[in-house]
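*Asks:* model this:
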Amino acid sequence: MGEFVGIDPGRADQLIQQMEASKRVLGSTRPGLEAAIAEAGEAWTGWQGATAMHRSWAFFDESQRDLKWRIDTIRRMVPSGAKGLVTAFFVFANEPEAAQRGKGDAAAIAEVLKRHNVENTVESWRKVADALAATGDKVDDPAYAAALLEALGPDGFRAVFMHWMKDKGPAAMQKGVPPGTLEQAQGSLGQLARAYSSAEGAGRLGEEWRGKLVETTEPSVLASLVALAMQSDTFLNQVATQLLGRPLGAESSAGQKWNLNALVEAYDANPQALQRLLAENKQVSDWLLHPGRFRTTGISGFEERLAGVLDKALKPGVGVTDLRDRAWLNLINSLGAENTPWIGGQWGTFKDSPVGRSLAENVSPYLDQLARGQAKLSSPDLVALHPAPPWDKLDPGVASRFMGALMQDKAAASTLMKGSHDYTVGLDIGRFRPFGDESTQAEYTSRTALAGGLANLVVSGSTHAEWSDDEYAEWLADTMTLPIDWLSNKYWSINDPTTATARDKGLDDTKNVFKDMITGYFDEKTPENARKVADQVATQQARLVFESLEQHGQKPLSIYQQDEVRMAFRGRLYNALIDALEKRGG
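*Replies:* Predicted structure coming up:
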């Protein structure tokens, strides 16, 4: 065992930056000082000072490189995220020794690989595997790993993987290998994967080892590489783009597709990398979540694992807020596209899909922006209600189709309804009388616009739900109560069981009125009555507001004010409700 080293990486990083700043000062000072010395000639009295300056620069440079090597190495050897002082036993005393050893071990691997290219026997491959295994924990030293890979070269690196993959048969070359088979290769190929992770993660490899390697390497080799060792976010996302960007028909339909499984397993260990990929590449959602890709892997439990990974990457509070927002925007644009395969496509729907349910559970924080997009349609002059960037670029129709795609699963639809209800109650519209002073009026109008916008969104999306008429009528009735659910939150204590029961009964009675209207329309199957039903619903919504104001001692509304409230409900929900009724009833 080598030297015992203890470092505080955070403080060491600061010291490296300070040394870099000192080098810049010395470097910028040196030319002028040397010119002054040459001009002064024998009259110059500071000869020793100039020499010390050169030595100081060299000392900073050498110390900086040594400290950087130690930080890179110890970060590979201690648990990720460790704070403060971390310790480890180093295999090598310094960076030059590590690099020299890496070159020597690469030569030994290259020699047995050369023999295997000729002999191609079980025995010759065993010697290659033994040479790889002999690298041991040395691969955690980035200087050693970089020297090993540079000496082996990208072609030699690929050749080792290709020999192993070809030995597993044609299916392995095309679709990858299962986790159990990869586990058997941990002691050999896993060493090369660890070496690559070590060197590339520390920024010690050139372009031929990064972008070019991804472009020129077989997909199954790339999948194995990210499965055998945790790679950097950058490299993992490069591999994902290469694998997912292949046409759906690039792999034959028969057999289990382990390459995609390897990618998902890699993201399970590093979900924030997936968040970044979804945010930065607008096509990834199309590729990853196309039903023709992830539903045809032939691997048991794959969809559940994918749902779990998406949950880790997209749930509220995970990663960087800006990245998470952009990831969601790209995902909504993908699943809600005009020709989305999730609605009316040949591949099926999100019904009974853990992926759809995972998305429904985590989209709640974005309902406000989606509601604002819908409110903008009916209230274009209320600029303060418009969605914030980048959500202002989202087409409301896309948002509706996205919701519709998820709503085809009843459990996901229930989750979305609960999120919509919670959002609407959170607006607490009941604090504001429809016609008070100007600021009160503004608050009432703004909040009802948002509540109506969200209800509009779920009504529009629900036209794609594949439910029975009775189920759909109940859903629409629930949605129609969203803009008035605040009544119970404002005027009846939720904590009092007696009043809570009265509150629930009142809301149930309201929903039943709406459901009866809608069910009657469906039973008649007369699309020309859709407008009449929508009028009745809007009138009922307004009546509930009037009765509530009267019951709680608010100043009665004039007939003109009442008409304005009725028209507000019509403006927010009317067209979406008519469209939903006509599509369903017609």
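
*Asks:* which residues of the protein fall in strands?
*Replies:* 4-7, 86-89 (DSSP state E).

*Asks:* If you average the pLDDT over the last one, what comes out?
*Replies:* Across strand 86-89, pLDDT averages out at 64.

*Asks:* swap in the first one?
*Replies:* Computed over strand 4-7, the mean pLDDT rounds to 66.

*Asks:* quick one: the helices in the stretch 301-450 of the chain?
*Replies:* Ranges of helices in the stretch 301-450 of the chain, per DSSP state H, counting those that start in this stretch, are 302-314, 321-335, 354-362, 367-378, 396-407, 410-427, 438-462.

*Asks:* any chance you could map the helices in the stretch 101-250 of the chain?
*Replies:* For the stretch 101-250 of the chain, applying DSSP H, counting those that start in this stretch gives helices covering 122-133, 142-167, 170-175, 179-184, 189-201, 211-216, 219-228, 233-244.

*Asks:* other SSEs contacting the third one?
*Replies:* Using 3 or more CB pairs under 8 Å, 6 or more residues apart in numbering; DSSP states H and E as the contact definition, the elements that helix 170-175 packs against are helix 142-167, helix 219-228. To be clear about C-beta, it is placed using only N, CA and C from the backbone, and glycine gets the same treatment.

*Asks:* how near is Thr29 to Arg55?
*Replies:* Here the criterion is CB to CB, to the nearest Å. By it, Thr29 lies 14 Å from Arg55.

*Asks:* just Gly301 next, same as before
*Replies:* For Gly301, the distance to Arg55 (CB to CB) stands at 63 Å.

*Asks:* circling back: and the helices of the stretch 101-250 of the chain, which one's lowest on average pLDDT?
*Replies:* Between these, the model is least confident about helix 170-175 (mean pLDDT), which shows a mean of 87.

*Asks:* Pull the distance from it to the chain's centre.
*Replies:* The gap between where helix 170-175 is centred and where its chain is centred comes out at 29 Å by CA atoms, centre = their mean, to the nearest Å.

*Asks:* Contacts for that helix next, please.
*Replies:* Counting by CB atoms under 8 Å, 6 or more residues apart in numbering, helix 170-175 makes contact with 165-166, 181, 218, 220, 251-252, 255-259, all of which sit outside it.

*Asks:* Select only the buried ones of those in ChimeraX?
*Replies:* In ChimeraX, this line selects whichever of the contacts of helix 170-175 come out buried by 16 or more other CB atoms under 10 Å:
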select :165,218,220,251,256,257,258,259
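
*Asks:* So of the contacts of helix 170-175, which two are at opposite extremes in space?
*Replies:* Based on CB to CB, the longest span within the contacts of helix 170-175 runs between Thr181 and Ser252 and measures 19.4 Å.

*Asks:* mind checking which of the helices of the stretch 101-250 of the chain is nearest Leu427?
*Replies:* With CB to CB as the criterion, Leu427 lies closest to helix 233-244 of the helices of the stretch 101-250 of the chain, at 38.2 Å.

*Asks:* other SSEs contacting the closest one?
*Replies:* Checked by 3+ CB pairs under 8 Å, 6+ apart, helix 233-244 has helix 211-216, helix 219-228, helix 258-269, helix 271-280, helix 284-288 packed alongside it.

*Asks:* Need those helices in CSV (columns: distance to Gly348).
*Replies:* Putting the helices and strands packed on helix 233-244 into CSV (distance: least, CB to CB, whole Å) gives the following:
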stretch, distance to Gly348
helix 211-216, 32
helix 219-228, 26
helix 258-269, 18
helix 271-280, 23
helix 284-288, 17
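
*Asks:* Please work out which of the ones you listed is packed deepest.
*Replies:* The highest average neighbour count among the helices and strands packed on helix 233-244, using mean count of other CB atoms under 10 Å, belongs to helix 219-228 at a mean of 25.

*Asks:* Which other helices and strands does that helix contact?
*Replies:* In terms of contacts (3+ CB pairs under 8 Å, 6+ apart), helix 219-228 is packed against helix 142-167, helix 170-175, helix 179-184, helix 189-201, helix 233-244, helix 258-269.

*Asks:* how about a cut-off of 6 Å?
*Replies:* helix 189-201, helix 233-244, helix 258-269 (3 or more CB pairs under 6 Å, 6 or more residues apart in numbering; DSSP states H and E).

*Asks:* and the second one, C-alpha only, in CSV?
*Replies:* Think helix 233-244. As requested, C-alpha coordinates have been extracted for helix 233-244 and formatted as CSV (Å, rounded to 0.1, in the frame of the first residue of the first chain):
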residue,chain,number,x,y,z
ASP,A,233,-22.8,13.3,-17.0
THR,A,234,-21.3,14.6,-20.2
PHE,A,235,-20.2,11.3,-21.6
LEU,A,236,-23.3,9.4,-20.4
ASN,A,237,-25.5,12.0,-22.2
GLN,A,238,-23.4,11.7,-25.4
VAL,A,239,-23.9,7.9,-25.3
ALA,A,240,-27.6,8.3,-24.7
THR,A,241,-28.0,10.7,-27.6
GLN,A,242,-26.2,8.2,-29.8
LEU,A,243,-28.3,5.2,-28.7
LEU,A,244,-31.7,6.9,-28.5
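
*Asks:* now the angle from that helix to helix 258-269?
*Replies:* Taking axes from the mean of the first three to the mean of the last three CA atoms, to 10 degrees, helix 233-244 and helix 258-269 form an angle of 150 degrees between their directions.

*Asks:* List the buried residues of helix 233-244.
*Replies:* Of the residues in helix 233-244, those scored as buried under the neighbour-count criterion (16+ other CB under 10 Å) are 235-241, 243-244.

*Asks:* Just the angle for it relative to helix 189-201, thanks.
*Replies:* Using the same axes, to 10 degrees, helix 233-244 lies at 120 degrees relative to helix 189-201.

*Asks:* gap between helix 233-244 and the chain center?
*Replies:* 14 Å.

*Asks:* quick one, that helix and helix 219-228 angle?
*Replies:* Using the same axes, to 10 degrees, one finds that helix 233-244 and helix 219-228 are set 140 degrees apart in direction.
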